[in-house]
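# Sequence first, predicted coordinates after that:
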Amino acid sequence: MKKPDTTSAMLDLVQQIRAHIPFDELDDARVCSGACIGCAKNLLEYLEQEIIYWESSLTRGEITSLGDINKLARSAKKIYKVLQLNNLV
C-alpha cells in the first residue's frame, strides 16, 4: 500500500481534527464556565485559525512538509487534552 503524499496527509489530519473537536458546538458560555485548566477558548480559536490557514494554503496548491503535519498534530493533541480536562469533549 502506498503512503499518502503530504498534501493528502494534511487534508486527512484537518478532517480528523474537525471530526473530533466540536468547534461549532462549544459556545463561549460553556467553554468559559467555572474554573478551567488552560484557556480552552483561546486554544480553540488558535487551532481553528491554524486549520483555516492550512485549508486555504492547500487550496492554493502549497505543499506541506512532514514538520508542518507533525506540528499541527501535536498542537491538536495537546488542545484536545485540555478540552478533556475541562470536560468539553
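The structure has been received and is ready for your questions. Residues are numbered from 1 along each chain as shown.
# Tell me the secondary structure at N87.
State at N87, reduced to three classes by DSSP: H, G, I helix; E, B strand; the rest coil: coil.
# Low-confidence stretches in the protein?
25-36 (pLDDT under 70).
# so where does K81 fall, helix or strand?
Secondary structure from DSSP states H and E places K81 in helix 66-85.
# Touching that helix from outside, list them.
Outside of helix 66-85, the residues within contact range by C-beta atoms under 8 Å, 6 or more residues apart in numbering are 6, 9-10, 13-14, 17, 20-21, 37-38, 40, 43-44, 46-47, 50-51, 54, 89. C-beta coordinates here come from the backbone N, C-alpha and C atoms, glycine included.
# End to end on stretch 52-70, go ahead and measure it.
One end of stretch 52-70 sits 17 Å from the other (C-alpha to C-alpha, to the nearest Å).
# For that stretch, what is the distance to the chain centroid?
Relative to its chain's centre, stretch 52-70 lies at 13 Å (C-alpha atoms, centre = their mean, to the nearest Å).
# Ok, stretch 64-71 next?
Taking C-alpha atoms, centre = their mean, one finds stretch 64-71 lying 13 Å from the centre of the chain it belongs to.
# Same question for stretch 69-79.
The answer for stretch 69-79 is 7 Å, by C-alpha atoms, centre = their mean.
# got the buried residues for the helix holding K81?
For helix 66-85, a neighbour-count test (16 or more other C-beta atoms under 10 Å) marks D68, I69, L72, A76, I79, Y80, V82, L83 as buried.
# And those, which is closest to E62?
D68 (9.6 Å; C-beta to C-beta).
# The closest one and K41: what is the separation?
25 Å (C-beta to C-beta, to the nearest Å).
# quick revisit: can you select the buried ones among the contacts of helix 66-85 for me in ChimeraX?
In ChimeraX syntax, the buried subset of these is picked out as below (16+ other C-beta under 10 Å):
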select :6,9,10,13,14,17,21,40,43,44,47,50,51,54,89
